[in-house]
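[1] Sequence plus predicted model, see below.
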Amino acid sequence: MRGLLILLLALFATPLAAQDSLPPAPYAYRQLDDPALEAKAQELMETIRCLKCQSQTIADSDAPMAGDMRSQIRMRIAAGEHPEVIRAWLVERYGDYVSYSPRITSLTWPLFALPLVLITLSLLLLRRRFRGKGDAS
Amino acid sequence: MTETPKTFRWALWLPLALFLGFIALAVSGLLWPADRNVASTMIGKPLPQFALPPAVPGGQGLSTADFSDGKPRLLNIFASWCIPCAIEAPQLTQMQAAGAEIHAIAIRDRTEDVSEFLARYGNPFARIGKDDVSAVQLGIGSSGVPETFVIDGKGIIRYQHIGDIRPEQVPMILEKLKEAQR
């Protein structure tokens, strides 16, 4: 009975304040007035990883820090900065981890090479098999 | 009985071997989860240019120039709404008592909340800047609160500690601060 009561109470428990009470950064939830610039910013934000939630992009995340990142990205795009310059700026600070658009480096090249190798291998195997059949008939 | 050619054997066992390898990978991932902290890649690089207003009334703000007088310092990234920050407060006080100069940046915080936090947990900070849009935090590659950076006398970031400083980590951080003197 007591356990049930505790369980019931737990339903209504509110988590301790673990978030700030400041309003979001100016452009966290506000689009840029120029649709072309906003589209540029949106495209970049969809390929930048949220540092707090890690499996979301900052475009999808409601974490305050993601909001701050969106605001900064929108303001820098509005100031005329190129999206890839902003991406490079973030990668310089957080490593490749922060970007969802992987670069080809000495560490990541197998990711790009492996599919090509597998396709070539399967083509060779298939060719051998088909040729084998042709010989038999 | 027909004898299967020896060369076919390995191909027969290969799927099972791959499957077992996959299971081993999944189990190892569950038992020893990867480090989810996002480390700054700014170690060895200078602090970005910034000038933050004071986080408490009557206090001093924080700017890049405050790190370039030749003395190594700690830079603590905290917030009054962050519970681990309260937990590490005694360790910061202890390091200040041991001679470390600590500057701080309050992330997304209100002055009255910071004042209350300092009144409750003590104020080991020489200066506290107020960063309302995490701009400096992003600039130094910090991904959360609390974090503590060792900054050398030329304003170069030398070390990053992610998460709260536990009592047993105090000597290590002080050692890093001493190393930054060289």
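    Done, it's in. Just so we're clear, the structure is a prediction, and the values are computed from it rather than from any experiment. Numbering: from 1, shown residues only, chains lettered A, B, ... in the order given.
[2] C-alpha only now, for contacts and for neighbours.
    Noted.
[3] Distance of whatever residue of chain B ends up closest to chain A relative to B:S40?
    At 4.5 Å from chain A, B:G141 is the closest residue in chain B, using Cα to the nearest Cα. From B:G141 across to B:S40, the span is 5 Å (Cα to Cα, to the nearest Å).
[4] so who does the nearest residue to B:I151 once chain neighbours are set aside touch?
    Spatial nearest neighbour of B:I151, chain neighbours left out: B:I157 (4.6 Å); criterion: Cα to Cα, 6 or more residues apart in numbering or on different chains. Residues in contact with B:I157 (Cα atoms under 8 Å, 6 or more residues apart in numbering or on different chains) are B:42-47, B:149-151.
[5] ok, of these, which come out buried?
    The neighbour-count test (16 or more other Cα atoms under 10 Å in any protein chain shown) marks B:42-43, B:46-47, B:149-151 as buried among the contacts of B:I157.
[6] before we move on, back to that, quick check: neighbours shared by B:G141 and B:S40?
    Common neighbours of B:G141 and B:S40 (Cα under 8 Å, 6+ apart) are A:93-94.
[7] Helices of chain A, residue ranges please.
    Using DSSP state H, the helices found in chain A span residues A:2-11, A:35-45, A:64-78, A:83-94, A:109-136.
[8] Where does the prediction get shaky in chain A?
    Scanning chain A for pLDDT under 70 picks out the ranges A:1-18, A:132-137.
[9] for the residue of it found nearest chain B, what are its contacts?
    Nearest to chain B, among the residues of chain A, is A:R93, at 4.5 Å (Cα to the nearest Cα). Taking Cα under 8 Å, 6+ apart, we find A:R93 in contact with B:40-42, B:138-141.
[10] Closest to B:N123 out of these?
    B:I140 (23.3 Å; Cα to Cα).
[11] contacting residues for the closest one?
    A:93, B:40, B:42, B:47-48.
[12] tell me which parts of chain A are close to chain B?
    A:17-22, A:24-25, A:51-52, A:65, A:68-69, A:72, A:90, A:92-95, A:97 (Cα under 8 Å from any Cα of the partner chain).
[13] Return the most buried member of the helices of chain A.
    helix A:64-78 (a mean of 23; mean count of other Cα atoms under 10 Å in any protein chain shown).
[14] For that helix, output the C-alpha coordinates as PDB.
    Extracted C-alpha coordinates of helix A:64-78, given in PDB (Å, rounded to 0.1, in the frame of the first residue of the first chain):
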ATOM      1  CA  PRO A  64      19.100  25.800 -24.400                       C
ATOM      2  CA  MET A  65      22.600  25.300 -25.700                       C
ATOM      3  CA  ALA A  66      21.300  24.200 -29.100                       C
ATOM      4  CA  GLY A  67      19.200  27.400 -29.100                       C
ATOM      5  CA  ASP A  68      22.300  29.400 -28.500                       C
ATOM      6  CA  MET A  69      24.000  27.600 -31.300                       C
ATOM      7  CA  ARG A  70      21.100  28.300 -33.700                       C
ATOM      8  CA  SER A  71      21.000  31.900 -32.700                       C
ATOM      9  CA  GLN A  72      24.700  32.300 -33.300                       C
ATOM     10  CA  ILE A  73      24.600  30.500 -36.700                       C
ATOM     11  CA  ARG A  74      21.600  32.600 -37.900                       C
ATOM     12  CA  MET A  75      23.300  35.900 -36.800                       C
ATOM     13  CA  ARG A  76      26.600  34.900 -38.500                       C
ATOM     14  CA  ILE A  77      24.800  33.900 -41.700                       C
ATOM     15  CA  ALA A  78      22.900  37.200 -41.600                       C
END
